[in-house]
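Colleague: need a structure here:
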Amino acid sequence: MISDFQRKKLVHLFNLLDLSESGNLQLNDFAELAEKVRIKLNYEDRSKEHEVAVRKSVKFFYDLLREIPDHQDQTISLEQWLDYFDENVVNSDDDDVISDHVQFFLDFLFGLFDENRDGFISIDEYIDIFEVFGLEKSHLAKAFIKLDLNADERLSRYELIPAIETFLQSDDPEEVGNWVFGAWD
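Modeller: This next block holds a predicted model:
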């Protein structure tokens, strides 16, 4: 059963993706996300980079639709989101299931925000994530430093794997990974 703590984190992540603030995840949320990325990263309208952002955002949404059953009209409600994560991720003991979900989020983040495609999220790219999603930046530096396990001033997939796993599964408020998507409480 999903705890109140885990529920708060998942509601926070849902709200980050629900850019229209409709209470549902819909295709227009991800089109708007791609547009925010285009503006933030100064991509020309309809440029190759812009088209990649659109494809990555839309793919993420359609992958969510495939994963979360019983959606209607290509819409995912908060209740469906929470039920899905409760039943399939939060309390799963299946390492492959967890790994698949962690990779799903990593592919999404790196696909949109690893601007120079070097396989890392730099501090500037991490700031871009916070700005695109409208996250409170007061926790940004502390989170980045704690996530940067080898102190090389960039986040690798290997550093973010345990952070996202923690975010998706942990019930311990002290774990650093809880803040990978900004402050949620």
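
Colleague: any idea whether Ser20 is helix, strand or coil?
Modeller: Assigned state for Ser20: coil (three-state reduction, DSSP: H, G, I helix; E, B strand; the rest coil).

Colleague: gap between it and Asp29?
Modeller: Using CB to CB, to the nearest Å, Ser20 is found at 5 Å from Asp29. The way it works is simple: take the backbone N, C-alpha and C, and place the C-beta from them, glycine included.

Colleague: of the two, who's got more company?
Modeller: Asp29 (20 against 12; other CB atoms under 10 Å).

Colleague: With the flanking residues excluded, which residue is spatially nearest to the more buried one?
Modeller: Leu19 (4.6 Å; CB to CB, 6 or more residues apart in numbering).

Colleague: show me the contacts for that neighbour.
Modeller: Asp29, Glu32, Leu33, Lys36 (CB atoms under 8 Å, 6 or more residues apart in numbering).

Colleague: The same query, at a cut-off of 7 Å, please.
Modeller: Applying CB atoms under 7 Å, 6 or more residues apart in numbering to Leu19 gives the contacts Asp29, Glu32, Leu33.

Colleague: Please apply the same query to Leu17.
Modeller: Leu25, Asp29.

Colleague: Let's test this: mean pLDDT of the host helix or strand of Lys8, rounded?
Modeller: Using DSSP states H and E, Lys8 falls within helix 4-17. What helix 4-17 shows for mean pLDDT is 95.

Colleague: Tell me how many other residues crowd Ser22.
Modeller: With other CB under 10 Å as criterion, Ser22 counts 12.
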